[in-house]
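Novice: could you work out the structure for the sequence below:
(chains A and B)
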Amino acid sequence: MLELENVIKVFNRGTQDEKRALDGIDLVVEKGDFVTIIGSNGAGKSTLLNVIAGTHQPDEGHVRINGRDVTRWPDYRLACYIARVFQDPTMGTAGAMTIEENLALAERRGKRRGLQWGVTAAYRRRFREILKILDLGLEDRLKLATGLLSGGQRQSLTLLMATLSLPKVLLLDEHTAALDPRTAEKVTLLTDQIVRENNLTTLMVTHNMNQALKHGNRMIMLHQGRIQMDVRGEEKKNLTVAELIAKFGKTLKDETLLSCDS
Amino acid sequence: MIILNVLPMTLEQGLAYALVALGIALTFRVLAFPDLTVDGSFPLGGAVAARLIVAGVDPVLAAAAATLAGFVAGSLTGLLNTRLKINSLLAGILMMTILYSVNLRIMGRANIQLLDRPTVFSAMENMDVTRYVPVILFFFVVTMAVKILLDLFLHTQYGMALRATGDNEDMIRSLGVNTDNATVFGLGLSNAMVSLSGALVAQDQGFSDVGMGIGMIVAGLASIIIGEALVKPKSVFRLSLAAVVGSVAYRFIISLGLRLGLAPTDLKMATGFMVIVALGIPAIRGKREGKIHLRGV
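Specialist: Below is the predicted model:
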């Protein structure tokens, strides 16, 4: 499904600030996999997602989706395969546009956009139905500008938008990190529900070990641009935070990563 | 009495220049792109229309050609910015400067008289009513038609992508829109409206002059600021309505000022001060949330 072959990304090459953000990543993600990604600050987590989404292009290596080489595709072209939710809730929606307009924009992810009417009655009916999943009452506020929503509401909506047109790959970039604990928990549960119901191939970056262990069927740990650990299935299920810390606590030295609260 | 006297001229000019305000609203407010091409694309419309009319082309066709020329000029500014990565303000200034020479070349001299030529207004000269009535009606119909078409376009799939480009570029790119192309198209559309205005104003006033675009952006911005104070731009419909209302209100204030003794030579300075005061007062008061929010400024 998603394949990365010896992906290398170096920032500020040839200067004193040279940083090998990704240092030879090989990764094969199967259809329906839910992979959680952990690692300390600067381990390359966000760069990895940026390379997959086409925001950055790798210096070396290849990215393939469904066997197709998409390494040099710009981000807007990759949108037909990939949906993404960012950490900052304001990044996922157009704040001056209404809830239904944002959903309509997302509905046409990666498709041609012409001079047809943007929000049709059929779309509106569908959105009203789908918004009920969130249980936030947004289905009755379709004409509200998303900029007026709270961070949690906006992030929930973004998640719904990302999964509306069933992407081949869903990228979640610490999408609950900017939310208060209760809202984060709700958005996390919602994520699980949507991913499971639609059997979406998902990569979720998180700072939180508990979250990384609790969700998904596979976990990889990045360190200095390399995959340091890759566990899946039963092995991952049986892994505990204590074991992780015992094994990697010293190399990681990152207090936010070591937090155990979810 | 003064108010009644200036009213017809205010309406005529306000509606004629409303197309410029609509174009500026599209770039500054919708696309969040501070496009300065306007000072060049407005006289470009006048130049193209005048030259074609003198050459015997039908005045309506001449206005259509001017509109097309404006689209090309705006698109070129967009290409300078998106393809060559030239700063948006500089791209507009470059285009505006280049257009000055282009306009002189098109006209062959600094201005062209159209008084004895057929224009879209010719039929209105010899009516029973005063000339103002049909002319104001004409500009009202044209301006409202453009406004409504713009409203409709901004609610289509592509029009919404254009709005999202100005609102949250990262987001709409991740949804599959080539925002560079959207920017180029949006700038083209905006300057097409501006050039159409130039073509009609030239025909209305009976001449095209290479200097007729000077200060057009500042006047347009003043119109938008005034319009948004009168009509809260909570939707696309109201945003474009604010541009039209603002344009008329701005011309009204100007005419009133002139009647009360403002020297015509000080007009652009007065307009500049108007914009500075409107944008600056909140900063002086130290209130961020009260600031008139002009995206792209």
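Novice: around chain A, pick out the residues from chain B.
Specialist: B:153, B:155-161, B:163-164, B:167-168, B:170-179 (CB under 8 Å from any CB of the partner chain). In this view, the C-beta of every residue, glycine as well, is placed from N, C-alpha and C.
Novice: buried ones among the residues you listed?
Specialist: For the residues of chain B next to chain A, a neighbour count by 16 or more other CB atoms under 10 Å in any protein chain shown gives the buried set as B:153, B:155-161, B:163-164, B:167-168, B:171-179.
Novice: excluding its backbone neighbours, what's nearest the closest residue to chain A within chain B?
Specialist: In chain B, the residue that lies nearest chain A is B:Gly176 (3.2 Å; CB to the nearest CB). Distances taken as CB to CB, 6 or more residues apart in numbering or on different chains place A:Ala79 nearest to B:Gly176, at 3.2 Å, with adjacent residues excluded.
Novice: OK, contacts around that neighbour?
Specialist: Residues in contact with A:Ala79 (CB atoms under 8 Å, 6 or more residues apart in numbering or on different chains) are A:109-110, B:173-177.
Novice: how about a cut-off of 7 Å?
Specialist: A:109-110, B:174-176 (CB atoms under 7 Å, 6 or more residues apart in numbering or on different chains).
Novice: and B:Ser197, by the same measure?
Specialist: Here B:Ser197 is in contact with B:16-17, B:19-20, B:42, B:45 (CB under 7 Å, 6+ apart).
Novice: neighbour-wise, which of those leads?
Specialist: In terms of neighbours by other CB atoms under 10 Å in any protein chain shown, the contacts of B:Ser197 top out with B:Gly45 at 36 neighbours.
Novice: give me every residue in chain A lying close to chain B.
Specialist: A:53, A:75-76, A:79-80, A:84, A:91-97, A:101, A:104-106, A:108-110, A:113-118 (CB under 7 Å from any CB of the partner chain).
Novice: can we see that at 6 Å?
Specialist: A:75-76, A:79, A:84, A:94, A:96, A:101, A:105-106, A:109-110, A:113-116, A:118 (CB under 6 Å from any CB of the partner chain).
Novice: let me see the ranges of the helices in the stretch 101-250 of chain A.
Specialist: A:121-131, A:151-164, A:181-198, A:209-214, A:233-238, A:241-252 (DSSP state H, counting those that start in this stretch).
Novice: could you do chain B as well?
Specialist: B:2-24, B:38-54, B:59-82, B:88-107, B:132-153, B:157-167, B:169-174, B:179-205, B:216-230, B:236-259, B:267-285 (DSSP state H).
Novice: tell me the angle of the last one relative to helix B:236-259?
Specialist: Pointing back at helix B:267-285 there. Orientation of helix B:267-285 against helix B:236-259 (axes from the mean of the first three to the mean of the last three CA atoms, to 10 degrees) gives an angle of 120 degrees.
Novice: ok so, going back, including pLDDT and distance to B:Ala32, could the contacts of B:Ser197 go into CSV?
Specialist: Shown next, in CSV, are the contacts of B:Ser197 (pLDDT from 0 to 100; distance: CB to CB, whole Å):
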residue, pLDDT, distance to B:Ala32
B:Ala16, 97, 27
B:Tyr17, 97, 23
B:Leu19, 98, 21
B:Val20, 98, 19
B:Phe42, 98, 21
B:Gly45, 98, 24
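Novice: which one of these is nearest to A:Leu48?
Specialist: Comparing the contacts of B:Ser197 against A:Leu48 with CB to CB places B:Val20 closest, at 47.9 Å.
Novice: got any ranges where the stretch 151-297 of chain B has weak pLDDT?
Specialist: B:286-297 (pLDDT under 70).
Novice: rewinding a little: and of the residues of chain A next to chain B, the nearest to B:Met96?
Specialist: Checking these one by one against B:Met96 (CB to CB), the nearest turns out to be A:Ala96, at 28.2 Å.
Novice: once you drop chain neighbours, what's closest to that closest one?
Specialist: Closest residue to A:Ala96 apart from its sequence neighbours, by CB to CB, 6+ apart: B:Asp167 at 5.1 Å.
Novice: tell me the spacing between that neighbour and A:Phe127.
Specialist: Noted for B:Asp167: a distance of 19 Å to A:Phe127, by CB to CB, to the nearest Å.
Novice: also B:Asn181?
Specialist: The value you get for B:Asn181 to A:Phe127, if CB to CB is used, is 27 Å.
Novice: circling back to that earlier point, could you dump the helices of the stretch 101-250 of chain A into CSV with distance to A:Gln16, mean pLDDT and mean neighbour count added?
Specialist: Compiled in CSV, the helices of the stretch 101-250 of chain A are given as follows (distance: least, CB to CB, whole Å; pLDDT from 0 to 100; neighbours: other CB atoms under 10 Å in any protein chain shown):
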stretch, distance to A:Gln16, mean pLDDT, mean neighbour count
helix A:121-131, 50, 95, 15
helix A:151-164, 38, 92, 23
helix A:181-198, 38, 89, 16
helix A:209-214, 33, 85, 21
helix A:233-238, 39, 82, 11
helix A:241-252, 24, 72, 14
